[in-house]
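Student: The following block contains a protein sequence and its predicted model.
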Amino acid sequence: MLVMKILIYSCIFLTCSAIGILKSQKYVYRVDELKEFKNALNMFKTKIKFTYEPLPEIFKQISSTIEPSIGSIFKIASHNMSFLTAGEAWNKAIDTDILNINMEDKNILKDLSKLLGATDVEGQISQIEVTSSFLDEQIKKAEKEKEKSEQMYRKLGVIIGLGIVIVLV
């Protein structure tokens, strides 16, 4: 009977700790995804500046080059461009729930759609640069939030797990 109690208490403690760790990872993933978006936008800017390829083709190339979760956004946008305008396709791809970014980040990325495929190369490059500078600010905010919240959620998971075990004992 004692072994069974210890096993149950251990499971409760480990589950609460794991939940805290998983919650804290969201902040880490957000920073990584924003940096990857910035990298992808730099690739995008270079490709439209020097290759003059169509946007769907550029997005396909970017999707195969970068990290899979961000790459899937570019792949979805590329696919959507076959039946939507470039701006609408980009917005629809950003709205998917496969990312760890928040609404403010999504809105900044959606601003890119205003001139996407609708203006000349220079207009699109300037919009990419503006979006990239906004992403720099979001990365700074996300890193501060990560520093603050990552440890808090890890410790909170451990403390709640420990508290539940103590109450049950």
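Tutor: Happy to help now that I have it.
Student: Do a quick rundown of the strands in the chain.
Tutor: Taking DSSP state E as the criterion, the chain contains no strands.
Student: in it, what spans have low per-residue confidence?
Tutor: Within the chain, the segments meeting pLDDT under 70 span 117-119.
Student: need the helices for it, in chain order.
Tutor: Secondary structure of the chain (DSSP state H): helices at 2-50, 55-65, 68-80, 86-94, 103-111, 121-168.
Student: Including mean neighbour count, could those helices go into JSON lines?
Tutor: No exception for glycine: its C-beta is placed from N, CA and C like everyone else's. As requested, the helices of the chain are exported to JSON lines (neighbours: other C-beta atoms under 10 Å):
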{"stretch": "helix 2-50", "mean neighbour count": "16"}
{"stretch": "helix 55-65", "mean neighbour count": "18"}
{"stretch": "helix 68-80", "mean neighbour count": "20"}
{"stretch": "helix 86-94", "mean neighbour count": "21"}
{"stretch": "helix 103-111", "mean neighbour count": "16"}
{"stretch": "helix 121-168", "mean neighbour count": "15"}
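Student: For the closest residue to residue 128 other than its chain neighbours, give its distance to residue 106.
Tutor: In this structure, residue 128 finds its nearest non-sequential neighbour in residue 45, 4.6 Å apart by C-beta to C-beta, 6 or more residues apart in numbering. Shown here: residue 45 relative to residue 106, a distance of 20 Å by C-beta to C-beta, to the nearest Å.
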